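K.L.:
Kindly generate the corresponding structure for this input.
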Amino acid sequence: MNNSIKISVIVPCYNQAVFLDDCINSLINQTYSNWECILVNDGSTDNTEDIALSWQKKDNRIKYIKKINGGLSSARNAGIQNITGDFVQFLDCDDYLYNEKFEKSVKEINNQTNAIVITDFQRFDSATQTVLPPHCILKTEYFSQKEILLKWDNTFSIPIHCAIFSRDIVEKYKFNEELKAKEDWFFWLQAYENTPETHFVPEYLLAYRMNSAGMTHNLFFMQENRIKALDKLEQVIEDKDLLREFFKQDLLATMKENLQLMERIKLLGYKRTMKYKINKVLKVIGIKKD
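P.N.:
The predicted structure follows:
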């Protein structure tokens, strides 16, 4: 096996120490050994530091960085500043990789610049401790800036952990620290700006942990950051016709959602009116309501 390509793994940590051992063990158990792990403590108040320092003592491939809290993008960017590898794997500390993730990814690499290797994924339900199928089916034809712009969330989305990115892509774009959500989508759009050579391994090689308490379930928060991301699209998408197509689709989708909301409000009003009328009749005939 060609062991010359080094993979830098960036693991942002914020108050999820309970998952950190599983995450790091998934690296220790990789069949491919030429990697480094940069643990970025983003101002955690739990025992993240104790666990991270313990792992740093056990394995010299593991590095520990501590910073004040700045959010996920800020933590990833801090990690990027410390990489020494040829390719970069982003891995949140509540997720984990399967043993052959690196080995099977490295086998696909032809060039070490402007290149991305993507593998398939599964979901892990923390509540039931079960592995579930992915939320979408990834296909090779999705891996372009146009498809990522037009079909993200309504047809597919790619967890950032699925990929290893060549170092030049990561160092050029980094993550937008103004975005507290939708930062992955924005990064994928940037990564595909110059049509990188992409290889797809259609095997489940990582687990994405589902957490109902996570910020991805805060709809207002997500929508607020989506608006911020939309406002920045012109910085990333040079094709103005493509941008117009996207905003046309987005406008139509928004109008459809508003219409459905209006229908639900109308139905709710009808139900309340009927309830009032029924209670009024029951009162007249002397029957108490429940």
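K.L.:
By mean pLDDT, point me to the weakest helix or strand of this structure.
P.N.:
In the chain, the helix or strand scored least confidently by mean pLDDT, DSSP states H and E is helix 240-284, which has a mean of 75.
K.L.:
what about the longest strand in this protein?
P.N.:
Assignment by DSSP state E gives strand 197-210 as the longest strand of the chain.
K.L.:
measure Leu72 to Gln16 for me?
P.N.:
From Leu72 across to Gln16, the span is 11 Å (Cβ to Cβ, to the nearest Å). Every C-beta, even on glycine, is put in place using the N, C-alpha and C of the backbone.
K.L.:
Run a quick neighbour tally on Ser126.
P.N.:
For Ser126, the count of nearby residues is 14 (other Cβ atoms under 10 Å).
K.L.:
unless I'm mixing things up, it is touching Arg209, no?
P.N.:
Yes. With contact defined as Cβ atoms under 8 Å, Ser126 and Arg209 form a contacting pair (5.9 Å).
K.L.:
Could you export stretch 22-30 as PDB, CA atoms only?
P.N.:
Output of stretch 22-30 as PDB, limited to C-alpha atoms (Å, rounded to 0.1, in the frame of the first residue of the first chain):
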ATOM      1  CA  ASP A  22     -15.200   7.000  19.900                       C
ATOM      2  CA  CYS A  23     -14.200   9.600  17.400                       C
ATOM      3  CA  ILE A  24     -10.400   9.200  18.000                       C
ATOM      4  CA  ASN A  25     -10.600   5.400  18.200                       C
ATOM      5  CA  SER A  26     -12.100   5.400  14.700                       C
ATOM      6  CA  LEU A  27      -8.800   7.100  13.600                       C
ATOM      7  CA  ILE A  28      -6.600   4.800  15.700                       C
ATOM      8  CA  ASN A  29      -8.300   1.800  14.000                       C
ATOM      9  CA  GLN A  30      -7.700   3.000  10.500                       C
END
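K.L.:
Return the residues in contact with Gln122.
P.N.:
Val131, Leu132, Pro133, Pro134, Tyr204, Leu206, Ala207, Tyr208 (Cβ atoms under 8 Å, 6 or more residues apart in numbering).
K.L.:
Specify the beta-bridge partners of it.
P.N.:
Note on Gln122: beta-bridge partners Ala207, judged by DSSP bridges.
K.L.:
what are the ranges of the strands in the stretch 1-150 of the chain?
P.N.:
With strands called from DSSP state E, counting those that start in this stretch, the stretch 1-150 of the chain shows them at 7-13, 35-42, 62-67, 87-90, 96-97, 115-125, 130-132.
K.L.:
Local confidence estimate at Gly286?
P.N.:
pLDDT, Gly286: 62.
K.L.:
got it, and Gln235?
P.N.:
In this model, Gln235 is scored at 87, pLDDT.
K.L.:
do Leu179 as well
P.N.:
At Leu179, the pLDDT value in this model is 88.
K.L.:
Same check on Asp22?
P.N.:
Here the pLDDT value assigned to Asp22 is 95.
K.L.:
Tabulate the strands of the stretch 1-150 of the chain in CSV, adding columns for distance to Asn218.
P.N.:
Listed next are those as CSV, based on distance: least, Cβ to Cβ, whole Å:
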stretch, distance to Asn218
strand 7-13, 18
strand 35-42, 19
strand 62-67, 24
strand 87-90, 22
strand 96-97, 24
strand 115-125, 19
strand 130-132, 22
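K.L.:
any chance of those in a markdown table, with distance to Thr198 and mean pLDDT too?
P.N.:
Shown next, in a markdown table, are the strands of the stretch 1-150 of the chain (distance: least, Cβ to Cβ, whole Å; pLDDT from 0 to 100):
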| stretch | distance to Thr198 | mean pLDDT |
| --- | --- | --- |
| strand 7-13 | 17 | 98 |
| strand 35-42 | 21 | 98 |
| strand 62-67 | 29 | 97 |
| strand 87-90 | 13 | 98 |
| strand 96-97 | 19 | 96 |
| strand 115-125 | 5 | 95 |
| strand 130-132 | 26 | 89 |
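K.L.:
Fine, thanks again, bye for now.
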